[in-house]
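1. Fold the stuff below for me.
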Amino acid sequence: MRILAISGSLRALSFNTAALQASAVLAPAGLEIVLYVGMGDLPHFNPDLDTDEPPESVKAFRREVGTSDGLLLAAPEYAHGIAGAFKNALDWLVSCVEFPDKPVALINASERATHAQGHLREILATMSARLIDRASITLPLMGRNLDAAGILADPELSGQLQAALAMFLAEINALKDGSERGT
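-> Reported below is the predicted structural model:
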């Protein structure tokens, strides 16, 4: 099973990206987590460009989403919302066929980032994502200055991530089993 991990931050030392990198290491057997690195290459969303032949970076992004069984998203909060680059990436997925009903889990890297999480949940609901609440967690990373290795070395943080990833895998499998049975 393949999960596409998308950080809502373009920062090189982002806590959100570090959490996703740690998730890739902690993924249970049978789960591959691939970090999407092309967000900065996406053009500003423009409906005039969202045609049968959108820009190549958009086509590549949509292919990544389409070949994934689920999405793992981690987004920082800026001015009580999600970062503009991340919102731009989501806007490119609004009209594509690859996104609706895609299972999504959220990692929140700051206990204070409640506005961005609410904003992101509203956007995802509007886009017809299948938000997996039981696999969505908040990690207390703010002020701890941890990279992926530091998160992996912390038994509490790595344990929370492992549990969330196991739940995400179980939920996606349950969804697949239900759709194979026609329910």
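2. got any ranges where the protein has weak pLDDT?
-> 180-183 (pLDDT under 70).
3. quick one: buried residues of the lengthiest helix in the chain?
-> Scanning the chain for the helix with the most residues, using DSSP state H, yields helix 155-180. Residues of helix 155-180 classed as buried by neighbour count (16 or more other CB atoms under 10 Å): 157, 158, 160, 161, 164, 165, 167, 168, 169, 171, 172, 175. C-beta coordinates here come from the backbone N, C-alpha and C atoms, glycine included.
4. thinking the second one is in contact with residue 26, fair?
-> Yes. Using CB atoms under 8 Å, residue 158 makes contact with residue 26 at a distance of 6.0 Å.
5. list the residues that contact both of those two?
-> Common contact partners of residue 158 and residue 26 (CB atoms under 8 Å, 6 or more residues apart in numbering): residue 152.
6. how near is the most centrally placed residue in the chain to residue 56?
-> Nearest residue to the geometric centre of the chain (CA atoms, centre = their mean): residue 73, 1.7 Å. From residue 73 across to residue 56, the span is 23 Å (CB to CB, to the nearest Å).
7. how about the nearest residue to residue 11 once chain neighbours are set aside, what does it touch?
-> In this structure, residue 11 finds its nearest non-sequential neighbour in residue 17, 7.4 Å apart by CB to CB, 6 or more residues apart in numbering. Residues near residue 17 by CB under 8 Å, 6+ apart: 7, 9, 11, 35, 74.
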